[in-house]
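Q: Quick one, fold the following:
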Amino acid sequence: MQGLYKLLLGFGKNIVFFYKSFFIIVYVLLAGCSSSFLGEKEDDIILHGKRERVLFNHEELESNTTVALKLSKLTSNSQWQQTSFNLSNNLNNFEGNSKPQYVTRLSIGAGSSNNGTLTAPPIIADGVLYAVDARAKVSAYDISQGYKKIFSVQLQFKNENIEEGYGGGLAYHKGNLIVTTGYGVVYNLDAKNGQQKWYNYLKRPIRSHPKIFNNNVFVLDTDNTLHNISLKTGDHKWRYEGIPGTTGVLSSSQVAVANNTIFIPLNTGEVVALDMDGKTIKWSVALIDYNNANTADTRINEVSDTVVLHKGKMFASSNSGFLGAFDMKTGEQIWSLPIKSISAPTVIGNYIVSSSFEGELLAVNINSAKIKWILPLNDSADDANVRWLRPLMIDNKLVVISTQGVILTIDPELGSIIKRYELNEDVFISPVIADNTLYVMTDDAEVFILK
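A: Next comes the predicted model:
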């Protein structure tokens, strides 16, 4: 989500800094109204009474089904090796504490500023936490040794200014740590010591986190070109050139892979299903709600975060006001709803859950598109700029975090809030979980560790 919506590339870095500053000011003004996540006053944090919907910018949607929720089985995971967990970007129902408690925090380097932006969550592989900061510094920490630092490597290509970078991404596979940077370089580092194995300079900024499949490293640049790079050598295998977009939300997305097909989310609002040969387009679809196409935010039609594959269906959302399901083989649309979102939906059994621009969380049946519940997450219209990131399913409960660092635990059957926590930090990157531990990357490059 996972970092994600916050700024507009087409309007330049100064606007990036302006919006971030605005969110921080809003946070400061509101911070005095609630208790700290690290404090002792948790009992009186939940606001009682009925939560009313306060924003109606999208087409009116109402609950219209009582079909029971059938959750997927709990699964344990000790690894989180790629940004969206696996090749299909489909999150599990993870074992862990759905009401996590603060353990510690870890500073991994430079946070976001007007010169650089954090976009990548940490990844966890073989007992090590890996993270990349806003200036392309990669660090590794031994989890069993209390997060003792193993190595730290500053990636700098030729004469690039390390103080001016946009994002980055990480992926791990069998001792290979793949790193993408905003400078347009893909690196393969030895996961044990950080030594460089190879690099590939793409000559274009990279907008995606890397995805590793077999001996392939897939990376998407800002001109919508998908690069397939050899994991072993770093050489190009092929390139697929999509139609360049004009502007987009500042986010880092990634492809999905299944059935010898690569599903590519483009910043034009399209998804392309490409054969693994890099030549054959199986189908393409546009994620645009034409009824809302004239508003400022819907003219930025970027696919939100990434697409999700589940049991023959592809789920995708976009900024233009589109949440939909498609047949993975044919690209045929199964259903759609006019919902604007900045993060990928999460499958929870026979429903998907999606967070909207309007500050609502919706549970939608994956087959019928019927809505089980709509939960307003923001307290008032004053929270209009607060966004909610991609939900996690932990111990049969939903856990969702806002860009102001508010963590909510939600009953997925009733759509009601069970517990509320506050980190008192800005968060623009969806959290990850491994070995019953929740990791939250703040915009100041601190990883909050909760269990």
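
Q: can I assume residue 425 is in contact with residue 444?
A: Yes - counting by CB atoms under 8 Å, residue 425 does reach residue 444; the two are 6.6 Å apart. For the C-beta atoms, the positions are set from N, CA and C on the backbone; glycine is no exception.

Q: As a check, name the ranges of all helices in the stretch 151-300 of the chain.
A: In the stretch 151-300 of the chain, no helices are defined using DSSP state H, counting those that start in this stretch.

Q: pLDDT weak spots in it?
A: Low-confidence segments of the stretch 151-300 of the chain (pLDDT under 70): 159-167, 246-252, 289-300.

Q: Residue 442 and residue 108 touch, don't they?
A: No - counting by CB under 8 Å, residue 442 does not reach residue 108; the two are 10.0 Å apart.

Q: Of these two, which one has the most company?
A: residue 108 (25 against 21; other CB atoms under 10 Å).

Q: Just list the residues touching that one, thanks.
A: 122, 131-133, 137, 139, 441, 445-447 (CB atoms under 8 Å, 6 or more residues apart in numbering).

Q: Check the gap between it and residue 394 for me.
A: For residue 108, the distance to residue 394 (CB to CB, to the nearest Å) stands at 23 Å.

Q: sorry, back to before: turn the contacts of residue 108 into a markdown table, columns for secondary structure, distance to residue 62 and pLDDT.
A: Output for these, formatted as a markdown table (DSSP: H, G, I helix; E, B strand; the rest coil; distance: CB to CB, whole Å; pLDDT from 0 to 100):
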| residue | secondary structure | distance to residue 62 | pLDDT |
| --- | --- | --- | --- |
| 122 | coil | 39 | 98 |
| 131 | strand | 42 | 97 |
| 132 | strand | 43 | 95 |
| 133 | coil | 44 | 94 |
| 137 | strand | 48 | 93 |
| 139 | strand | 47 | 98 |
| 441 | strand | 35 | 97 |
| 445 | coil | 41 | 96 |
| 446 | strand | 40 | 98 |
| 447 | strand | 39 | 98 |
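
Q: Could you single out the nearest of those residues to residue 430?
A: Distance to residue 430, by CB to CB, is smallest for residue 441 among these, at 8.9 Å.

Q: That closest one and residue 129 touch, don't they?
A: No - here residue 441 lies out of contact with residue 129, judged by CB under 8 Å, at a distance of 10.7 Å.

Q: where do the contact lists of these two overlap?
A: 122, 447.

Q: quick one: which of the two has more around it?
A: Higher neighbour count among residue 441 and residue 129: residue 441, with 28 against 24, using other CB under 10 Å.

Q: quick one: contacts for that one?
A: Per CB under 8 Å, 6+ apart, neighbours of residue 441: 3, 108, 118, 120-122, 131, 427, 429, 431, 447.

Q: Now with 7 Å, please.
A: 118, 121-122, 429, 447 (CB atoms under 7 Å, 6 or more residues apart in numbering).

Q: Likewise for residue 137?
A: 109-110, 152-154.

Q: ok, what's across the strand from residue 230?
A: residue 216 (DSSP bridges).

Q: That one - how many residues pack around it?
A: 15.

Q: is it true that it touches residue 237?
A: Yes - look at residue 230 against residue 237 with CB atoms under 7 Å: they come within range, at 5.9 Å.

Q: Count the neighbours of residue 232 for me.
A: That count, for residue 232 with other CB under 10 Å as the rule, works out to 12.

Q: how far away is it from residue 215?
A: Relative to residue 215, and taking CB to CB, residue 232 is found at 6 Å.

Q: Residue 332 now?
A: Distance from residue 332 to residue 215, by CB to CB: 32 Å.

Q: any idea how far residue 137 lies from residue 119?
A: 14 Å.

Q: which of the residues in the helix or strand harbouring residue 362 are buried?
A: Counting by DSSP states H and E, the element that carries residue 362 is strand 360-365. For strand 360-365, the buried set under the neighbour-count rule, 16 or more other CB atoms under 10 Å, comprises 360-365.

Q: And these, which is closest to residue 326?
A: residue 364 (14.2 Å).

Q: I'd guessed the closest one sits against residue 371; true?
A: Yes - applying CB under 7 Å as the test, residue 364 and residue 371 come out as touching, 5.6 Å apart.

Q: three-state assignment of residue 386?
A: Following DSSP: H, G, I helix; E, B strand; the rest coil, we place residue 386 in the coil state.

Q: Can you check the pLDDT for it?
A: For residue 386, the pLDDT comes out at 92.

Q: Skip the chain neighbours and tell me the closest residue to residue 205.
A: residue 222 (4.6 Å; CB to CB, 6 or more residues apart in numbering).

Q: what residues are up against that neighbour?
A: Taking CB under 7 Å, 6+ apart as the test, what residue 222 contacts is 204-205, 207.

Q: looking at the residues you listed, which has the most residues close by?
A: residue 207 (29 neighbours).

Q: Is it in contact with residue 221, as I believe?
A: Yes - with contacts counted by CB under 7 Å, residue 207 reaches residue 221, the gap being 6.3 Å.

Q: Counting neighbours, what do you get for residue 220?
A: 26.

Q: list the contacts for it?
A: 207-208, 226, 253, 255, 264.

Q: which residues does it bridge with?
A: residue 226.

Q: roughly how far apart are it and residue 360?
A: Taking CB to CB, one finds residue 220 at 29 Å from residue 360.

Q: that older thread, can the contacts of residue 108 go into JSON lines with extra columns for distance to residue 337?
A: Formatted as JSON lines, those follow (distance: CB to CB, whole Å):
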{"residue": "122", "distance to residue 337": "32"}
{"residue": "131", "distance to residue 337": "35"}
{"residue": "132", "distance to residue 337": "35"}
{"residue": "133", "distance to residue 337": "37"}
{"residue": "137", "distance to residue 337": "41"}
{"residue": "139", "distance to residue 337": "41"}
{"residue": "441", "distance to residue 337": "30"}
{"residue": "445", "distance to residue 337": "36"}
{"residue": "446", "distance to residue 337": "36"}
{"residue": "447", "distance to residue 337": "34"}
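
Q: Which one of these is nearest to residue 401?
A: residue 441 (10.4 Å).

Q: what's the nearest residue to the closest one if we skip its chain neighbours?
A: In space, residue 441 is closest to residue 429, 4.6 Å off (CB to CB, 6+ apart).
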